[in-house]
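Trainee: Sequence first, then the predicted structure, then my questions.
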Amino acid sequence: MSLSVLSVASEAVPLVKTGGLADVAGALPAALSAQDVAVTTFIPGYRPVMEKLGKLRSVHKWDALLGKPARLLAGKLGEHKLLVLDAPDYFARDGGPYADASGRDWDDNWHRFAAFARAAADLAGGAVKGRRYDLVHAHDWQSGLLPAYLRFAPVAGSKPVPSIMTIHNMAFQGYYPASIFARLGLPGAAWSVDGVESYAGVGFLKAGMQSASAITTVSPTYAGEIRAPDFGMGLEGIVLARSNRVHGILNGIDPAEWNPANDPHLAQTYGPGQLAKRKRNKRALEAEFGLACDNGPLFVVVSRLTWQKGMDVLLEVLDHLVGIGGRLALLGSGDKAIEQQLHAAAARHPGRIGIRIGYDEALSHQLQGGGDAILVPSRFEPCGLTQLYGLAYGCVPIVSRTGGLADSVIDANPAAIRAGVATGVQMNTVDYQGLAMALSRAVDLFAQPEQWKRLQKNGMTADFSWSASGAAYAALYRQLIKEQA
Ligand code: ADP
């Protein structure tokens, strides 16, 4: 049976991206169309999105969507259906999707994303002529109120629609003071621990987890980790209480965006049998980052510069990395103190450490296509995409053993090397000791070219396409629709 699903996300490639959520939301429609599921993606009409899309057809109008006027516009996300919430009071501003140009969160984020979720609930409930959906798929806290609206304040007379709440990162929960509750347009019954209340405030992600028909997260290991306080971050109780409704489905790679054989950002494209060709990309990177040319490994990083990503630990090991013959090219932005210390390390090690602060999609591809190894020392990592791109590009991932990193990288321990299945290096602990030891192991492996080539080839030929994950989502959709019938 062919299904129609509304995927509700605050960002989606190629229109707006701050992290992995955008990659996933952008890739899901194609992954699911192979499963006979037609996905319509719904995103907010931020100013840059509206500029990119140009003129679109208006298909619905709200005089007051949680107090402000809004229109629903229909367009295309690649070959797939797209709906955009055009609400200038909420979304037409300079800066990022969630924060102003200085990085400060918008004060009215609760209002912006409550309105977005309300609009999605109206759509799901058939308020927009000609649109109906068998299921709605809400992503992250920005869409978290959607399942709650469907449960507590559905469109009058509408048929119940099953919903999924996907957690891309439990660290971002959308937690606001109780005083906003009265302005959400929810009935008093929603104000309970079984509804949207969370530690005496309103929890957007919590609301979604509590009200959705099922909860998914983006790797099997993370689905287990969020049952405990360290990773559940206060919401572990719901994960445990609803554990028979929690699923871990690993993200895949979108081959239209990430394929070294036809990546337009690379100086030189290549396949798994042409690893020597990567040299040209490596030379280009060395030039770009002002690094000396030598035969040692070029480590790369593409990351938000945060504590979650273990970037403070990276800073601690930089002298060791250089001391054992490595070089580093890093692209990232985030924590200002980390940025400053990275600049200081680059100044200490000219020609050995090159830093680029900022967000640069093309350069992120070039780092994967020319680096020898990508470092991902995250303290927690729901799925992680950069290690998957590293695998696909022959840029060997050096990762911590957590979440999706543990699920996607096979450590080059003696047994895995003997069996010929290793794809990277895992560190046991995210601290100086753990990362320094992992780097030393990588340098040793790199000094054995046949061994290293094996790691690269294993990664490049491993299947991290969306086909298995798309099938898992489609099976879950069908199960939930059946239960609801
Ligand atoms: P998260 O979503 O937690 O930041 P993921 O590994 O899931 O981490 O996804 C990060 C995505 O953002 C990847 O596609 C990565 O290439 C990209 N990315 C991160 N930092 C930058 C940057 N500074 N410039 C370009 N792309 C970046």
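Mentor: Happy to help now that I have it.
Trainee: and the stretch 151-300 of the chain, which residues reach the ligand?
Mentor: residue 169 (C-beta under 6 Å from any ligand atom). Where you see a C-beta, it was placed from the backbone N, CA and C, and this is true even at glycine.
Trainee: which residues of the stretch 151-300 of the chain fall in helices?
Mentor: Counting by DSSP state H, counting those that start in this stretch, the stretch 151-300 of the chain has helices at residues 204-211, 220-225, 229-232, 236-241, 278-289.
Trainee: Redo those helices as TSV? Include mean neighbour count and mean pLDDT.
Mentor: Below are those laid out as TSV (neighbours: other C-beta atoms under 10 Å; pLDDT from 0 to 100):
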stretch	mean neighbour count	mean pLDDT
helix 204-211	27	98
helix 220-225	21	98
helix 229-232	14	96
helix 236-241	17	98
helix 278-289	18	98
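Trainee: Of the ones you listed, which is nearest residue 402?
Mentor: helix 220-225 (7.0 Å; C-beta to C-beta).
Trainee: Can you give the distance of that closest one from its chain's centre?
Mentor: From the chain centre to the centre of helix 220-225 is a distance of 16 Å (C-alpha atoms, centre = their mean, to the nearest Å).
Trainee: now stretch 414-433
Mentor: 24 Å.
Trainee: Can you tell me how far residue 42 is from residue 49?
Mentor: Residue 42 is 12 Å from residue 49, where distance means C-beta to C-beta, to the nearest Å.
Trainee: Please name the nearest non-neighbouring residue to the closest residue to the ligand within the chain.
Mentor: With C-beta to the nearest ligand atom, the shortest gap between the chain and the ligand falls at residue 20, namely 2.4 Å. Leaving aside its chain neighbours, residue 20 sits nearest to residue 385 (4.7 Å; criterion: C-beta to C-beta, 6 or more residues apart in numbering).
Trainee: and that neighbour, what pLDDT?
Mentor: Listed pLDDT for residue 385 reads 96.
Trainee: Next: residue 219.
Mentor: Residue 219 is given a pLDDT of 97.
Trainee: measure the nearest residue to it once chain neighbours are set aside to residue 381 for me?
Mentor: The shortest distance from residue 219 to any non-neighbouring residue, by C-beta to C-beta, 6+ apart, is to residue 404 (3.5 Å). According to C-beta to C-beta, residue 404 stands 6 Å off from residue 381.
Trainee: quick one, what contacts the nearest residue to residue 145 once chain neighbours are set aside?
Mentor: In this structure, residue 145 finds its nearest non-sequential neighbour in residue 117, 3.8 Å apart by C-beta to C-beta, 6+ apart. Listed by C-beta atoms under 8 Å, 6 or more residues apart in numbering, the contact set of residue 117 reads 8, 138, 142-146, 148-149, 204.
Trainee: Tell me both backbone torsions, phi and psi, for residue 117.
Mentor: phi -70, psi -40 (degrees, to the nearest 10).
Trainee: So for the residue located most distally from the centre of the chain, what's the pLDDT?
Mentor: Relative to the centre of the chain, the most outlying C-alpha is that of residue 157, 35.8 Å out, by C-alpha atoms, centre = their mean. If you check residue 157, the pLDDT there is 95.
Trainee: What's the separation between it and residue 146?
Mentor: 19 Å.
Trainee: Which residues of the stretch 1-150 of the chain lie near the ligand?
Mentor: Residues of the stretch 1-150 of the chain lying near the ligand (C-beta under 6 Å from any ligand atom): 19-20, 23.
Trainee: Save these as CSV, and put in neighbour count too.
Mentor: Converted to CSV, these look like this (neighbours: other C-beta atoms under 10 Å):
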residue, neighbour count
19, 15
20, 22
23, 24
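Trainee: so which of these comes closest to residue 438?
Mentor: residue 20 (22.3 Å).
Trainee: List the contacts of residue 281.
Mentor: Applying C-beta under 8 Å, 6+ apart, the residues near residue 281 are 266-268, 366, 369-370.
Trainee: And the residues you listed, which two are furthest apart?
Mentor: 268 and 366 (10.3 Å).
Trainee: Give me the secondary structure label for residue 322.
Mentor: helix (DSSP: H, G, I helix; E, B strand; the rest coil).
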